[in-house]
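Below are the sequence and a predicted model for it; my questions follow.
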Amino acid sequence: MQTLLEILPKLKNKKIMVIGDMVADVYLEGKIARISREAPVLILEHAAEVVVPGGAANATYNVAALGGEVFAVGVVGDDYAGSQLRQELSAKGIHIEGLINEVGRPTITKTRIMAGGQATVRQQIVRIDRESKAPFSEETEEKVVQYVKDNLKNMAAVVLSDYGSHTVSSHIRENVIDYCKEAGIPCMVDSRYDVMSYKGVTVVKQNESEAAAAVGLKTINTASLRQAGKIILEHLDAEAVLISRGPDGMTLFEKNGRISDIPVTNKSEVYDVTGAGDTVVAAMTLALAAGAIYYDAARLSNFAAGIVVRKLGTATVDPVELKEAIGNHQE
């Protein structure tokens, strides 16, 4: 535990580049007024509209909350959601010069309609997603690649946050991994559907279901988990693979053959796991940038996850909370 406490102050001001699917999570909140006469549906009176960072944008938020200096790279539309997302990130001190606009392409938006009343719990009743399925233009890809090339040499680590919305194209992916190798800095990937395409990346983060799908398994148990971790590690020629396992903690696979099971730090208060993966990625990447070994970086990320799952919605962890959690565990 003392080792983790010594790492914490070293996280501050580490420059981290986060490349990926920048998502605007929009929450439309309404108060239940009555049942419609047109159809058996609720009529909601508009109460509020909030835009919060989602996807890779949530990863940038988490890095910033832990004290890192963040450079966001992705594609954001020239629309209301994009404007709000830029504003939210900028307000947290996140560099947004790497957010490229492609004419006619909307910001990736996930709009949740939330309904509630005075005596009822607010609940999501429907979600509307908006994104273009078309590939980026060559011009847009080159703008992203050029921004990365111009700024990567100043970074301490890079995150590739792939939520399946195709921001991290094969061209961008291959260039980023090559640039990181040339610069000698760690590159961590969190890919929901396509992790096996990230050959040469330094560190891989997956949850159990993602890891199972990556190696063609429908379900996963202790034995197959180890098999999956080793396959991903060897196929990608990575230095480490971290698989999060919910209430069973995490398992870290390292290139030197070491396999470490890391138990959860919080067993009793799980409210919401939304965005917890981004917290894990942010904490581990910052720890590696600060010079931590893979095992200690994974343990630190485990504590961060244990804190964030106690909070509702996409949330972040700050160094004070992390220090307190590690200190209490040590006691």
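That came through fine.

List the contacts of the residue nearest in space to the middle of the chain.
The chain has residue 278 as the residue nearest its centroid, 2.8 Å off, counting by CA atoms, centre = their mean. Shown in contact with residue 278 (CB atoms under 8 Å, 6 or more residues apart in numbering): 58, 59, 61, 62, 161, 190, 314. Every C-beta, even on glycine, is put in place using the N, C-alpha and C of the backbone.

taking these one by one, which sit in helices?
Using DSSP state H, 58, 59, 61, 62 are the members of the contacts of residue 278 that sit in helices.

Need the three-state assignment for residue 71.
Of the three states, residue 71 takes strand under DSSP: H, G, I helix; E, B strand; the rest coil.

Touching, it and residue 98? I think so.
Yes. Taking contacts as CB atoms under 8 Å, residue 71 lies within contact range of residue 98: 5.8 Å.

neighbour-wise, which of these two wins?
Neighbour count, other CB atoms under 10 Å: between residue 71 and residue 98, residue 71 has more, with 24 against 21.

list the contacts for residue 35?
41, 42, 43.

Out of the residues you listed, flag the one nearest to residue 152.
residue 42 (49.5 Å; CB to CB).

what about that closest one, distance to residue 161?
Counting by CB to CB, to the nearest Å, the separation of residue 42 from residue 161 is 35 Å.

what do you get for residue 141?
Distance of residue 141 to residue 161, given as CB to CB: 17 Å.

How is residue 324 assigned, secondary-structure-wise?
Three-state assignment for residue 324 (three-state DSSP): helix.

what about it, neighbour count?
13.

Which positions within stretch 210-228 qualify as buried?
Using 16 or more other CB atoms under 10 Å as the test for burial, stretch 210-228 gives 210, 211, 212, 213, 214, 215, 217, 220, 224, 225, 226, 228.

same question, stretch 40-52
Buried residues in stretch 40-52 (16+ other CB under 10 Å): 44, 51, 52.

Now the second one: phi and psi?
Backbone geometry at residue 51, expressed as degrees, to the nearest 10, gives phi -110, psi 120.

beta partners of it?
Using DSSP bridges, the beta-bridge partners of residue 51 come out as residue 26.

The first one too?
Partner residues in beta bridges with residue 44, using DSSP bridges, are residue 32.

That one is in contact with residue 31, isn't it?
Yes. Contact criterion CB under 8 Å: residue 44 and residue 31 qualify, at 6.5 Å.
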